[in-house]
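# After the sequence you'll find the predicted model.
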Amino acid sequence: MSRYAWILFSVVWLSTTAYGMDDVGIVWQRTFGGTGSEKATAVCHGRDGSLIIVGSTNSTDGDCEGARSSYDLWVARFNAKGDIVWKTILGGSSDDGAEDVIETADGGILVVGSTRSSDGDVGPTRGNSDLWVIKLDGNGKVLWQKTFGGSASEYAKSVTETSDHSLVIVGVTGSSDGDVQLNRGGTDGWLIKLDSVGTMLWNATFGNDLNDFAYSVIEVRDGSFIVAGELGSSPRGWESSDAWLIKFSADGQLLWQRTYGSSANADWLQSVIETRDGGLITCGRVPPANEPGSGAAVLKTDSAGVLQWVSFLDRTNCADALSVSLSASGQLLVSGLAINPVDNITKRGNEDIVLVGLAETTGNYLWQKVIGGTGTDNGLAVAWLADSMFVLAGFTNSANGDVQVSKGGGDAWIVTLRNGGLTDVIDVPLVRQLQAYPNPASSELRVNLPDDVALDGTLKVLSFDALGRSTALEFTVAPSSGSLHVNVDPLEVGTHLIHVSNYITALVTRCVIVR
């Protein structure tokens, strides 16, 4: 084995042995809004590396100029640095908002939410509020929009594109007429399938005679659908309900349903994903029977919903786990809500955002991070950008702490964070070797950056010696062009591999240190 090959081998070996997982920090952040109130409810990672984020606003200025006086729905595309590429604000004279967004296979954007309007960009509507579906092209131009519902209230919570390029949406209905076939009592979960241009193919309601809610839907590898939600909430609310998983066939027939939790508590599931072994990971509020004051939990089941493990986020004083995402290497990322934070976690504010990394197979803790300010901060959605970087979307009314800029009463908050120490070494593809000079070097090394490789954002520079030992050298914003100046004073005499990464792309160069 050559010395260079041995160094590369050492990098891989070191990534699994030497670094902890506590090096989690903010890479960049943006607030989006005006003088009113905004929130971001969902985020998806575009195939071009951009971020597509949706939410609601009642501002008419700032980032939301052109909105109406009530709440409107907004969609925005951000580039990898967090700059707004474009934004679209849609709605009518009443309250409208978005709950989920996906990028479709044709490069378009599909947004779901609800509308109480019957004018402006909306129409036609049927009742108190309708489930609202909007298809946009990749530049934010509306291609079509549809409303669905009956004479009562409906809203969408989650959408997925199926393997046949149809759309499956889950939400809640209180109607028994119009587009709704059956109401079992109170509110029901509602699952609808549309073709690629928004024509309804079928729909199904599910629940009991109390209030039932559906919050998340995915298509799993056998072509069926899994829904996460809440079954049997008391009409008075917050007294007793069960966390709920339901499986539907490809044509909308109920195959099985399972409930979790304690009869003494209100339990629910907010988010669900499929695991690499074909099982399910879901999260929400499922407090232990003897600890009703805690609550946030992550559950792992097999493909039939049989519980395999539960990880209670009791270290975080977290009341609810709002979103879960799985990296390619098997790390779970959970966003939670901490109410009245405890001393050993944070003293930032009334409500903080808790981010937790867990092992996919066991649910064991890998790391946790709390972000926010002295106000109220919520992280409503998380998504991996790579194994070494992830994005959080939510809202904040803080103007201090981790929040750099406040634009009004409450802002949508978008934050990208790095994950761990050397995960970014093994999970980011090595693009090429670089040139560096002087070589040998004693105190400073200039690394030439190629013009044809995008290195936007924050760069992390690591050194590995011939034994695989690492040294962190730089953590800096990427220069627009030219070369990167690296201080190599901390390095021992000998041969080193210099690894430069922005968590998406990595480059390497060899150098010899002399004194």
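It's in.
# Need the distance between the two termini of stretch 336-356.
End-to-end distance for stretch 336-356, by C-alpha to C-alpha, to the nearest Å: 8 Å.
# Please read the previous query as pertaining to stretch 79-99.
End-to-end distance of stretch 79-99: 21 Å, with C-alpha to C-alpha as the criterion.
# Which positions in it come out as buried?
For stretch 79-99, the buried set under the neighbour-count rule, 16 or more other C-beta atoms under 10 Å, comprises 80, 82, 85, 87-92, 94-99. C-beta coordinates here come from the backbone N, C-alpha and C atoms, glycine included.
# how far out from the middle of the chain is that stretch?
Mean-position distance between stretch 79-99 and its chain equals 17 Å (C-alpha atoms, centre = their mean, to the nearest Å).
# And stretch 360-376, by the same measure?
That offset, for stretch 360-376, works out to 13 Å (C-alpha atoms, centre = their mean).
# Now do the buried residues in it.
For stretch 360-376, a neighbour-count test (16+ other C-beta under 10 Å) marks 360, 363, 366-376 as buried.
# before we move on, the earlier item: so which of the buried residues of stretch 79-99 belong to helices?
Among the buried residues of stretch 79-99, DSSP state H puts none in helices.
# hmm, back to that, and the buried residues of stretch 360-376 as a markdown table, adding pLDDT?
Compiled in a markdown table, the buried residues of stretch 360-376 are given as follows (pLDDT from 0 to 100):
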| residue | pLDDT |
| --- | --- |
| 360 | 90 |
| 363 | 89 |
| 366 | 77 |
| 367 | 79 |
| 368 | 83 |
| 369 | 86 |
| 370 | 88 |
| 371 | 91 |
| 372 | 92 |
| 373 | 92 |
| 374 | 90 |
| 375 | 92 |
| 376 | 93 |
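# tell me the contacts of residue 332?
By C-beta atoms under 8 Å, 6 or more residues apart in numbering, residue 332 lies in contact with 281, 298, 324-326, 357-360, 363.
# So in that sheet, which strands flank the helix or strand harbouring residue 383, and in what orientation?
Under the criterion of DSSP states H and E, residue 383 resides in strand 377-386. In the sheet, strand 377-386 lines up against strand 389-396 (antiparallel) (DSSP bridges).
# if we can go back for a sec, next step: the buried residues of stretch 360-376 restricted to strands.
When DSSP state E is applied, those are split such that 366-371 fall in strands.
# now the strands for the stretch 301-450 of the chain?
307-312, 318-326, 331-339, 351-359, 365-371, 377-386, 389-396, 411-418, 430-433, 436-437, 444-448 (DSSP state E, counting those that start in this stretch).
# could you dump these to JSON lines with distance to residue 58?
As requested, the strands of the stretch 301-450 of the chain are exported to JSON lines (distance: least, C-beta to C-beta, whole Å):
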{"stretch": "strand 307-312", "distance to residue 58": "36"}
{"stretch": "strand 318-326", "distance to residue 58": "22"}
{"stretch": "strand 331-339", "distance to residue 58": "22"}
{"stretch": "strand 351-359", "distance to residue 58": "20"}
{"stretch": "strand 365-371", "distance to residue 58": "25"}
{"stretch": "strand 377-386", "distance to residue 58": "17"}
{"stretch": "strand 389-396", "distance to residue 58": "12"}
{"stretch": "strand 411-418", "distance to residue 58": "12"}
{"stretch": "strand 430-433", "distance to residue 58": "45"}
{"stretch": "strand 436-437", "distance to residue 58": "53"}
{"stretch": "strand 444-448", "distance to residue 58": "48"}
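# Would you single out the least confident of those strands?
If the strands of the stretch 301-450 of the chain are sorted by mean pLDDT, strand 430-433 sits at the bottom with a mean of 69.
# any weak-confidence spans in the stretch 151-300 of the chain?
Low-confidence segments of the stretch 151-300 of the chain (pLDDT under 70): 233-239, 289-294.
# all strands in it, in order from the N-terminus.
Assigned by DSSP E, counting those that start in this stretch, the stretch 151-300 of the chain shows strands spanning 154-161, 167-173, 188-194, 200-206, 211-219, 225-233, 242-248, 254-260, 268-274, 280-285, 296-301.
# looking at the ones you listed, which is closest to residue 182?
Set against residue 182 and scored by C-beta to C-beta, the strands of the stretch 151-300 of the chain come closest in strand 200-206, at 5.1 Å.
# outside of that closest one, which residues touch it?
Defining contact as C-beta under 8 Å, 6+ apart, one finds that strand 200-206 is touched by 148, 166, 173, 179-184, 188-195, 212, 214, 227, 246, 248, 251-254, 257.
# So which bits of that strand are buried?
Using 16+ other C-beta under 10 Å as the test for burial, strand 200-206 gives 203-206.
# and those residues as a markdown table, adding distance to residue 263?
Putting these into a markdown table (distance: C-beta to C-beta, whole Å) gives the following:
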| residue | distance to residue 263 |
| --- | --- |
| 203 | 31 |
| 204 | 27 |
| 205 | 25 |
| 206 | 21 |
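# now, which of those residues sits nearest residue 336?
Proximity of these to residue 336 (C-beta to C-beta) peaks at residue 206, which lies at 27.0 Å.
# separation between the closest one and residue 188?
Here residue 206 is placed at a distance of 6 Å from residue 188 (C-beta to C-beta, to the nearest Å).
# which residue packs closest to the residue most central in space within the chain, ignoring adjacent ones?
Centroid-nearest residue in the chain, with C-alpha atoms, centre = their mean: residue 382, separated by 1.7 Å. Spatial nearest neighbour of residue 382, excluding adjacent residues (C-beta to C-beta, 6 or more residues apart in numbering): residue 335 at 4.4 Å.
# Contact partners for that neighbour?
Counting by C-beta under 8 Å, 6+ apart, residue 335 makes contact with 321-324, 353-355, 379-382, 392, 394.
# for it, which residues make a bridge with it?
On the basis of DSSP bridges, residue 335 is bridged to residue 323, residue 355.
# picking up where we left off before, the residue nearest to the centre of the chain and residue 389 touch, don't they?
No. At 11.6 Å, residue 382 and residue 389 do not qualify as touching, with contact defined as C-beta atoms under 8 Å.
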